[in-house]
Every structure is written in C-alpha cells, then in structure tokens.
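Engineer: 3D model of this:
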Amino acid sequence: MAVSSAPAAASGTQLWVKRYNGPGNGADVAESVAASPSGKTVYVTGYSHGSPVSEAGDYATIAYNATTGAQLWLKRYNGPGSHGGEGQSVVVSPSGKTIYVTGYVFVSALSPGTEFATVAYNAITGAQLWVKFYSGGEVGADDEPYAMAVSPSGTTVFVTGQTYGSDSGSPYYVTLAYNAATGAQRWAKTYEGAGNIGYTAEAAASVTVSPSGTTVFVTGQGATSSQPDYATIAYNATTGAQLWVARYEYPASSVGTATSVAVSPSGKSVFVTGYYEAAASAGYATIAYNAASGKQLWVKRYSPAGGSDAAYSAAVSPSGKTVYVTGGVYGGGGEGSEDYATIAYNAASGAQLWAKRYSPGGTSYAHAVAVSPSGKTVYVTGISAGDFATVGLNAVTGAQLWVKRYAGAGIAALPGGGLSMAVSRATGTVFVAGYAVWKNTSGYDYTTIAYHG
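Structural biologist: Predicted structure coming up:
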C-alpha cells in the first residue's frame, strides 16, 4: 500500500520560533537575519548582554537549522578589550561557506567612543576567521556601521555607515571594502556633502552591489548647506572611485532621510526609499536612478493623511518590473494610530500599481519588505501594537493573503517586533528576527521565526 505524504504547509504557517536569552538575562535584540544560499541554515545577529550585566552588550551571532530551528552554533564577540559592542548586520557569502557580521565596539571602558568591527566566521562551525576595525580618528566619536553587502563573486565585503574625522564635529559617510578571504582593507571612501555644518547630519544607511559586481551603491542622509537630504553614491567596486552622487531634497525646508537602496536584476536601475519631514507633514519619497549615470528617472511620494509617515525598506521583484516599499503611515486616529503601508510601483515609469495598509490598531510600523523567489508574493514585517506582525500580499494586486502575529509571552509592558527579514531563494521560507519579552527574563530576548512562504 502506498504511503501518502503529509500535505504541504499552507503559506504563512509558522514552522518554528526560537528564543535566545543571553547570560546576563538583560536586553537581547536581534538586528539582522540572513539565509544561506542552500536554504539549509539561517543566521541571526544583534546585541546581547553578558554577565555581569553592563550598559554595553556583546555581538551574539547564532546559526539555526532552517528546517527545524535547532541551534547549530552560537558565537559572542565583545571587542578587543572586552568593552562590549552591538552587531548590526549579517550577510552570507555566495558560496555559503562564510558569514560576515558588522557592528561597533567600544574603544575603552572609560571612553564613550565606538569603532567599526567586522567579523568573518566559518558558516558551518562558527570559527572566527578574521576581525577588522575602522575608526575615523576623532577621539571619543561614535563611528558606527549600519549596513553590509557582499559581492556576487564573494571576493569582497562592503560596509557602510558613519564616521568622524579628527575634530570634525559632525559625522559623514564612510564606505569600506574588505578582501572577503583575509579581511585586508581594499579601500575606504568618505563622503561629506556640505562639510561640517554643526549637527549630526550625514550617515549612510544602506548598501547594495550591482549584479555584475562592478558597482557599489550607498544611500542615507546627506547634507546641503542648510538641511539634511537624501544622498546616493555609486562607487567603482574594485577601486572605490566615486562614479556619481545624486541628491534629493523636497520640499526646500524639509529634512530628508534615505533608508534603503535596491538595484534591479538587470543592474540598469537603482531605487532608493526613505522619508521627508516638512513643516506640516512627513511622507515616503521613492526615487529611481539610472545606475550608470545617476540621472533621476522618477520620484514618487506617498503621504495619504499628511502625518508621521516613514518608509524603511525597498525590494525589487525578480523580474525587475516592480519596486515595493514599506514603512508606516498616519492612521488618522491621532498619535499612536500608525499603520503599515506597502506600495508597489512600476519600476520603469514609477506609476503606482497599488498601495495597501495593515491597520490592526495601535502603533504599527513595517521595517522590512521582501519578495518570494517566484515573484508572486510580497512579505512585510515590523512592530505592530507591541507584537511581531508579518503579512503576505499578492504581488500583482496587493491583496492580503495572510497575517501572522506573534506576541512572545504576551507581556504588553515591553513591546517587541520584527526588525529584519530574509527569504530563502532555495526554499521560499520566510525568516523574521527581532525581539520579544518572554517569561522569566528581565528584558527582551532574540526572537527568530520561520514561516512557510
């Protein structure tokens, strides 16, 4: 008699959930998640308090079996002087053999200053392969990386964030390239749009690499002579030579902050999203650029009710025909009534294809968007009324397919939520990482969830 196989899990089915409470039983927050190319392993990093508990946490990087959630290894890193630090981003090499984690560590126990620390680990065993540091030179300054990417060839790792030069007064962009095998620094490039204008104005927030591996794109908050604005930069990936800079400012009196950059599968277009803050309102602003020249192709804004609206993440469909952005918009019920808002744009023209809200009540901001390998489904996750809320949308129509909420131990006094998301290209599994309050802990714990895509 033939043995029937179990039915496939429905889309959105929770496959597993895992918690990590560090040895200090303090605040443990997962900041970034990445899936291996094979789809067999998922990696999470962030910061976790050690024992005894201090203000500074440690990097804590964990490898899980992607199918079962079983922990494969755990590595903690607290800097050369054991002064602590925070992991900000994790990426996996195209071969799947190495993972890279970047973040910042404290320079000394007495100084408030921080420096970049980028660590390479063997993806199978967790053995540390190398660690490299970067500091802009100003004593006591906060040099912090915010994003990382690896080249399609797997030979170079790119890190971007903010740095301070000697007595610069305010930070500016810095982008670094490392030899992926050895950690040797290939180049370091800074961008200081309007010079030292006396306040914290310039920091790179996101980085991506062209499919050809020849160009690196960085975006974040730059500066004009009077106000911060979007500043997107293209660099030659081999030499670090600056190819172009594109700035966006709207309206003239606003503050603009770009939060995410994505490149089309063809490598011909670059898409940037973020938000502007004007005197009476704030809104999403999404821009398309020619990847070769930096010429602006189109710009689209979204602010349905003129409230505290902010876009945090952008993704491009596998076909390259559609761009998706997500974040949070004013819900109309006063402060604390923000909704998820996800928008689909035609990548060529910028025409809005659909805009969909998720309005469960309370404050809800989506932090990450991703697209299924088939291109049929868009996934959004974030923080919603103190819970994780992950939503599946039909990529063509925007119709809501499913919603999954997760509340940890259900303790409402300390909210949590999803901060990062990865979708396995091999299996389509959706991984969400962030933080939640669990029973018998004194703060947040890493919380990683796998859903059937």
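Engineer: and the residue lying closest to A341 once chain neighbours are set aside, how many neighbours?
Structural biologist: With sequence-adjacent residues excluded and distances taken as Cβ to Cβ, 6 or more residues apart in numbering, A341 is closest to V329, at 4.2 Å. C-beta here means a position set from N, CA and C on the backbone, and glycine is covered the same way. Here the number of neighbours of V329 (other Cβ atoms under 10 Å) works out to 30.
Engineer: Could I get the contacting residues of V329?
Structural biologist: Y284, Y302, S303, P304, A305, G307, D309, E338, D339, A341, R357 (Cβ atoms under 8 Å, 6 or more residues apart in numbering).
Engineer: Quick one, which of these are buried?
Structural biologist: Buried subset of the contacts of V329 (neighbour count, 16 or more other Cβ atoms under 10 Å): Y284, Y302, S303, P304, G307, D309, E338, D339, A341.
Engineer: would JSON lines of these with distance to V270 be doable?
Structural biologist: Formatted as JSON lines, the buried ones among the contacts of V329 follow (distance: Cβ to Cβ, whole Å):
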{"residue": "Y284", "distance to V270": "17"}
{"residue": "Y302", "distance to V270": "19"}
{"residue": "S303", "distance to V270": "23"}
{"residue": "P304", "distance to V270": "26"}
{"residue": "G307", "distance to V270": "28"}
{"residue": "D309", "distance to V270": "22"}
{"residue": "E338", "distance to V270": "28"}
{"residue": "D339", "distance to V270": "28"}
{"residue": "A341", "distance to V270": "22"}
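Engineer: Filter those down to just the ones in strands.
Structural biologist: Y284, Y302, D339, A341 (DSSP state E).
Engineer: could you redo those residues as CSV and give each row pLDDT and distance to G79?
Structural biologist: Shown next, in CSV, are these (pLDDT from 0 to 100; distance: Cβ to Cβ, whole Å):
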residue, pLDDT, distance to G79
Y284, 95, 37
Y302, 95, 41
D339, 92, 40
A341, 96, 39
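Engineer: circling back to that earlier point, need the contacts of V329 in CSV with distance to L419, can you?
Structural biologist: Below are these laid out as CSV (distance: Cβ to Cβ, whole Å):
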residue, distance to L419
Y284, 19
Y302, 22
S303, 24
P304, 25
A305, 25
G307, 22
D309, 19
E338, 16
D339, 18
A341, 18
R357, 21
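Engineer: out of those, who's nearest F116?
Structural biologist: Y284 (29.7 Å; Cβ to Cβ).
Engineer: Alpha carbons of the helix or strand hosting A120, as PDB, please.
Structural biologist: Using DSSP states H and E, A120 falls within strand 114-122. Extracted in PDB, the C-alpha atoms of strand 114-122 (Å, rounded to 0.1, in the frame of the first residue of the first chain):
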ATOM      1  CA  THR A 114      33.000  53.400  19.200                       C
ATOM      2  CA  GLU A 115      34.600  51.900  16.100                       C
ATOM      3  CA  PHE A 116      33.600  49.600  13.400                       C
ATOM      4  CA  ALA A 117      34.300  45.900  14.000                       C
ATOM      5  CA  THR A 118      33.600  43.400  11.100                       C
ATOM      6  CA  VAL A 119      34.000  39.700  11.800                       C
ATOM      7  CA  ALA A 120      34.100  36.700   9.500                       C
ATOM      8  CA  TYR A 121      33.000  33.300  10.700                       C
ATOM      9  CA  ASN A 122      33.100  29.800   9.200                       C
END
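Engineer: what helices or strands is the next helix or strand after that strand leaning on?
Structural biologist: Downstream of strand 114-122, the first helix or strand assigned by DSSP H and E is strand 128-134. Contacts defined by 3 or more Cβ pairs under 8 Å, 6 or more residues apart in numbering; DSSP states H and E place strand 128-134 against strand 71-77, strand 114-122, strand 172-179, strand 185-191.
Engineer: Thanks a lot, see you next time.
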